[in-house]
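1. Quick check, what structure comes out for this input:
(one chain, ligands or ions: 1)
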Amino acid sequence: MILRRSRATTPQADSYLLDTKEFKDFTHTDPWRVLRIQAEFVEGFGTLADLGPAVSVFGSARAARDSPRYRQAQEIGKRLVEAGFAVITGGGPGAMEAANKGAFKAGGTSVGLGIELPFETGMNEWVDVGINFRYFFARKTMFVKYSQGFIVLPGGFGTLDELFEALTLVQTQKVTSFPIILVGTDYWGPLMEWIRTTLVGEGTISASDVDLIRITDDPAEAVRITAEGSAHHHNP
Ligand SMILES: C/C(=C\CNc1ncnc2c1ncn2[C@@H]1O[C@H](COP(=O)(O)O)[C@@H](O)[C@H]1O)CO
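-> Numbers count the residues shown, from 1 in each chain. Reported below is the predicted structural model:
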């Protein structure tokens, strides 16, 4: 990039670096953010490069430890490890903690991709490979790049965001052979119905797009579908 005449900046950029106050200001600028974003990708790629086959498990951060949802997530974490997968979650509480706990107790690799939030909850204790992200989009790249499929338990906006991002990537063939399994017919049934009637009915998706989603109540079936569906998946 060349900037001349009135567009040229003075003093020179390196003088900012040597000036403590100016440097502090620089850390709140977009060019600095780009470096931070780059660093998040470098750390993520570096840490997860040798992970091997893995599945991401999503679900509510608010699932209570004594709830059936929590027990289901823990069971899924365990079964994924028994099927030869590492388990990746958001590293937080609720369903994330449960899936990490199941994976850890089964002797598998338990990964947490944490996110910096204004209300810090910290990485759950069952994570043994943890990375903290400031940027959701950098973190999301890691979930997709290092997973062979997604298993999605009941959850709120965060879970829906993760589900629909994955669906869009599969629908647009940015990723292929990538199973997406919803667990909990009672919870997801009405959404599936709305997708079938309104989205297909209005023509905003194709009828065949509905087949991108599988739905079950059984943790064993969720893992079996994931294993079968991920057999030909290659990480982007
Ligand atoms: C809100 C609470 C804790 C927040 N801590 C989180 N830590 C890590 N990842 C999170 C957290 N909250 C949301 N996520 C991500 O979104 C999904 C869950 O969101 P939902 O809105 O609860 O469905 C989850 O899969 C994470 O990736 C404690 O109350």
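
2. Quick one: list the elements packing against the longest helix along the chain.
-> Using DSSP state H to define each element, the chain has its longest helix at helix 30-48. Helix 30-48 sits against strand 129-133, helix 136-145, with contacts defined as 3 or more CB pairs under 8 Å, 6 or more residues apart in numbering; DSSP states H and E. No exception for glycine: its C-beta is placed from N, CA and C like everyone else's.

3. can you tell which of those is closest to the ligand?
-> Closest to the ligand of those is helix 136-145 (CB to the nearest ligand atom; 7.7 Å).

4. For Gly77, which of the helices and strands packed on helix 30-48 is the nearest?
-> strand 129-133 (14.0 Å; CB to CB).

5. distance between the closest one and the chain's centre?
-> Offset of strand 129-133 from its chain centre (CA atoms, centre = their mean, to the nearest Å): 12 Å.

6. which residues touch the helix or strand where Leu169 lies?
-> Element membership of Leu169, judged by DSSP states H and E, is helix 157-171. Helix 157-171 is contacted from outside by 56, 58-61, 90, 140, 143-144, 150, 152-153, 174-176, 178, 180, 182, 205, 209, 212-213, using CB atoms under 8 Å, 6 or more residues apart in numbering.

7. got a list of contacts for the helix or strand following it?
-> Next along the chain after helix 157-171, taking DSSP H and E as the criterion, comes strand 180-183. For strand 180-183, the surrounding residues in contact (CB under 8 Å, 6+ apart) are 72, 76, 149-154, 163, 166-167, 170, 188, 192, 212-217, 219, 222, 225-226.

8. Show the buried residues in the residues you listed.
-> Listed as buried from the contacts of strand 180-183 are 72, 76, 149-154, 163, 166-167, 170, 188, 212-216, 219, 222, 225-226; burial here means 16 or more other CB atoms under 10 Å.

9. Show me these that map onto helices.
-> 72, 76, 163, 166-167, 170, 188, 219, 222, 225-226.

10. which stretches of this structure have low pLDDT?
-> 1-24, 232-236 (pLDDT under 70).

11. Quick check: residues of this structure near the ligand?
-> Residues of the chain lying near the ligand by CB under 6 Å from any ligand atom: 58-62, 90-93, 96, 114-115, 117, 121, 155-159, 162.

12. List buried residues within these.
-> Buried members of those, scored by 16+ other CB under 10 Å, are 58-61, 90-93, 96, 114-115, 121, 155, 158-159, 162.

13. What is the nearest of those to Ser230?
-> Phe58 (15.9 Å).

14. Surely the closest one is in contact with Pro154?
-> No - Phe58 lies out of contact with Pro154 (CB atoms under 8 Å); the separation is 9.8 Å.

15. residues touching the most centrally placed residue in the chain, list them.
-> Of all residues in the chain, the one closest to the mean position by CA atoms, centre = their mean is Phe143, 3.9 Å from it. Counting by CB under 8 Å, 6+ apart, Phe143 touches 56, 88, 113, 150, 162.

16. Now the residue nearest to Ala207 when sequence neighbours are not counted: which helix or strand?
-> Leaving aside its sequence neighbours, Ala207 sits nearest to Val200 (CB to CB, 6 or more residues apart in numbering; 5.2 Å). Following DSSP H and E, one finds Val200 within helix 200-202.

17. Excluding its own residues, what touches that helix? List them.
-> Residues external to helix 200-202 that are found in contact with it (CB under 8 Å, 6+ apart): 206-207, 209-210.
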